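Asks: sequence plus the predicted model coming up.
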Amino acid sequence: MDYQHQNLASGQWSKFSFCEQMANVGAEVGRAINWKKKENPAYSQKAFERALELLALTIDHSKNSARLKELTRLYEVLGDYFIGENQYQSSDELLNKYFYNFGYAASLARRTKPSS
């Protein structure tokens, strides 16, 4: 497979905590939303594709197997929102709120991590 995030796909992704992984997925989703608002569908599509790629890497890591149902549903929801008919009635606000919590948790973990 041809990855846009080559270094992450080659094993670096597994070094991130679950919250860090999801925060990174959320950053790409946020970019897709922002480009959509700016009416730049090409950039929005690219950011959406990067988000799906990172989410697929998250799904593939065995340490996240307990969250497999949530992650695969999220994959489905994102596809439905950005390229489907939005059957789940997602919104920019709901997606941003969902991912914000992971970013917040990841930043808290970084602040409390002891220095080496």
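Replies: Now that the structure is in, tell me what you want to look at. Residues are numbered from 1 along each chain as shown.
Asks: which stretches of the protein have low pLDDT?
Replies: 1-10, 114-116 (pLDDT under 70).
Asks: so the residue nearest to the spatial centre of it is in which element?
Replies: Compute the mean C-alpha point of the chain, and by CA atoms, centre = their mean the closest residue is Val25, 1.8 Å away. Following DSSP states H and E, one finds Val25 within helix 18-37.
Asks: what comes into contact with that helix?
Replies: 13, 16, 41, 43-45, 47-48, 50-51, 54-55, 57-58, 61, 63-64, 67, 78, 82, 92, 95-96, 98-100, 102-103, 105-106, 109 (CB atoms under 8 Å, 6 or more residues apart in numbering). C-beta here means a position set from N, CA and C on the backbone, and glycine is covered the same way.
Asks: which of these fall in helices?
Replies: Applying DSSP state H to the contacts of helix 18-37, the entries found in helices are 41, 43-45, 47-48, 50-51, 54-55, 57-58, 78, 82, 92, 95-96, 98-100, 102-103, 105-106, 109.
Asks: which of the residues you listed are buried?
Replies: With burial judged by 16 or more other CB atoms under 10 Å, the buried subset of the ones in helices among the contacts of helix 18-37 is 44, 47-48, 50-51, 54-55, 57-58, 78, 82, 95, 99, 102-103, 105-106.
Asks: backbone phi and psi for Ser91, please?
Replies: phi -140, psi 170 (degrees, to the nearest 10).
Asks: for Ser90, that is, sorry about that
Replies: Dihedral angles of Ser90 (phi, psi; degrees, to the nearest 10) stand at phi -70, psi 170.
Asks: enumerate every residue touching it.
Replies: Ser90 touches 77, 80-81, counting by CB under 8 Å, 6+ apart.
Asks: if I look at it, how far off is Lys15?
Replies: As judged by CB to CB, to the nearest Å, Ser90 and Lys15 stand 30 Å apart.
Asks: same deal with Asn101?
Replies: As judged by CB to CB, Asn101 and Lys15 stand 21 Å apart.
Asks: who has more neighbours, the two?
Replies: Per other CB atoms under 10 Å, whichever of Asn101 and Lys15 has more neighbours is Asn101, with 13 against 9.
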